[in-house]
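Any chance you can model this:
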Amino acid sequence: MGLLRPKFLLGGGLFALALIGLLLTGFEEGAAYYQTVGELREMGARAEGRRLRVAGDVVPGTIASEGEGRVRFHIEHEGARLAVLYTGREPLPDTLVDRAQAVAEGRLLADGSFEADHVQAKCASKYDAAYDGAAGDGASPTRPPATPARQATDGP
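Numbering: from 1, shown residues only. Prediction:
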């Protein structure tokens with residue numbers, strides 16, 4: 001009986017340390033706040049290989065499927081452009097369309113492209129109809145360029 005107590009204490013302590021280690025590792029992975037494309041470019045070599053989130057507007061005509069689970073597209077913000085290659089099992093959101101605001105999560109590669117394993121998108125077009133109707137005369141006013149929202153959320 002006397003030997004069992006130290007074994008349980010040692011086992012419980014190791015379990016607690018492992019749990020704390022997993023929580024800290026998960027927190028580091030989930031704490032990838034995002035930058036705009038320009039901010040990512042300003043980071044330079046410091047951004048390579050790090051887990052990051054980058055936001056921008058999908059460049060029209062750049063979304064191209066490269067087989068099952070691989071889609072390539074470009075995002076841009078204030079003139080800075082970034083090639084993104086999504087590779088994953090999850091289907092991309094239906095809202096990933098031309099001019100949609102997108103947040104890609106992954107790693108910046110040495111060649112300057114971004115390899116994403118998770119993509120979120122908000123379709124700007126669903127707000128266009130309400131905006132266009134506000135003109136009253138049927139004319140379509142020039143819509144100001146969309147700017148990515150600066151939130152660090154993990155949910156939809």
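
Could I get the buried residue list for the strand or helix carrying A116?
Assigned by DSSP states H and E, A116 belongs to strand 114-122. For strand 114-122, a neighbour-count test (16 or more other Cβ atoms under 10 Å) marks F114, A116, V119, Q120, A121, K122 as buried. All C-beta spots, glycine's among them, are computed from the backbone N, C-alpha and C.

Tell me how far the nearest residue in space to the last one that is not next to it in sequence lies from A55.
On the basis of Cβ to Cβ, 6 or more residues apart in numbering, the spatially nearest residue to K122 that is not a chain neighbour turns out to be Q101, at 4.6 Å. When distance is defined by Cβ to Cβ, to the nearest Å, Q101 is 7 Å away from A55.

again, but for A83
Per Cβ to Cβ, A83 is found 15 Å from A55.

Next, the angle from the host helix or strand of V103 to strand 114-122.
Using DSSP H and E, V103 falls within strand 101-108. For strand 101-108 against strand 114-122, the angle by axes from the mean of the first three to the mean of the last three Cα atoms, to 10 degrees is 160 degrees.

I would like the residues contacting strand 101-108, please.
32, 34, 40, 47-58, 73, 75, 84, 86, 96, 114-122, 124, 146, 148-149 (Cβ atoms under 8 Å, 6 or more residues apart in numbering).
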